[in-house]
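Asks: no FASTA, just this:
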């Protein structure tokens, strides 16, 4: 299997858009203020825009598509014909496979947890005069961690795809017609290899 530039471009684009969305989600996290109710003695939280949740879930979907694409093309390292054994590129492919999955799962967990927590809005908090009222909001840095893990996932996915392509073919292969052999000599050479 040869490395495809179009596959690398799609995977890189999906990861970079997910990274931008995760950074945007971090910057646009919901904030809440305690407001008194004008009709009774209770207080409630007023939240601003919930766009951060949408950004986080969109980044989640893009990362999922990118990971699915890479693993379908490489047959998830488990299916299809085996990799060339005894080569350093096989060890690299296995390492980057694990690395890309670990960083992908970490990024997805941060994106889902951040989106769910950001979407959670408390309504009534208590009566006037109560101590330490605060509105539940997402902790700073969850989407930032997802953005960092998205970049690590990009690195892992590209390196895994590249190492898998090298291990799958055994490195560089010569084409049959490049050796200058005539078709009759190629046939004899292939019969000799069978023996």
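Replies: Here it is on my side, so go on. Treat the numbers as computed from the prediction; the structure is a model and nothing was measured. Numbers count the residues shown, from 1 in each chain.

Asks: for this structure, which spans come out with low pLDDT?
Replies: The model of the chain has pLDDT under 70 over residues 1-2, 77-87, 89, 121-134, 168-195.

Asks: so where do the helices sit in it?
Replies: Shown for the chain, the helices assigned by DSSP state H span residues 5-27, 51-73, 88-119, 142-169, 183-194.

Asks: Name the residues that touch the first one?
Replies: Contact partners of helix 5-27, identified using C-beta atoms under 8 Å, 6 or more residues apart in numbering, comprise 52-53, 55-56, 58-60, 62-63, 65-66, 69-70, 73, 107, 111, 114-115, 118, 140-144, 146-147, 150-151, 153-154, 157-158, 161. Every C-beta, even on glycine, is put in place using the N, C-alpha and C of the backbone.

Asks: Identify the residue nearest residue 162 in space, chain neighbours excluded?
Replies: Distances taken as C-beta to C-beta, 6 or more residues apart in numbering place residue 3 nearest to residue 162, at 5.8 Å, with adjacent residues excluded.

Asks: correct me, but the one you found touches residue 165?
Replies: Yes - counting by C-beta atoms under 8 Å, residue 165 is a contact partner of residue 3 at 4.6 Å.

Asks: Quick check on the contacts of helix 5-27: which are buried?
Replies: Taking 16 or more other C-beta atoms under 10 Å as the criterion, what is buried in these is 52-53, 55-56, 58-60, 62-63, 66, 69-70, 107, 111, 114-115, 118, 142-144, 146-147, 150-151, 153-154, 157-158, 161.

Asks: before we move on, back to that, just give me the neighbour total for the residue nearest to residue 162.
Replies: Residue 3 has 13 neighbouring residues, counting by other C-beta atoms under 10 Å.

Asks: can you tell me how far it sits from residue 104?
Replies: Distance, residue 3 to residue 104, by C-beta to C-beta, to the nearest Å: 20 Å.

Asks: can you check residue 110 too?
Replies: The gap separating residue 110 from residue 104 is 11 Å, by C-beta to C-beta.

Asks: Ok, residue 8 next?
Replies: For residue 8, the distance to residue 104 equals 17 Å [C-beta to C-beta].

Asks: same deal with residue 44?
Replies: 39 Å.

Asks: Those two: who's more crowded?
Replies: residue 104 (24 against 18).

Asks: wait, that one sits on residue 67?
Replies: Yes - under the criterion of C-beta under 8 Å, residue 104 makes contact with residue 67 at 5.0 Å.

Asks: intersection of neighbour lists for these two?
Replies: Joint contacts of residue 104 and residue 67 (C-beta under 8 Å, 6+ apart) are 153, 157.

Asks: Buried residues, stretch 10-25. List them.
Replies: Of the residues in stretch 10-25, 11, 14, 15, 17, 18, 19, 21, 22, 23, 24, 25 count as buried by neighbour count, 16+ other C-beta under 10 Å.
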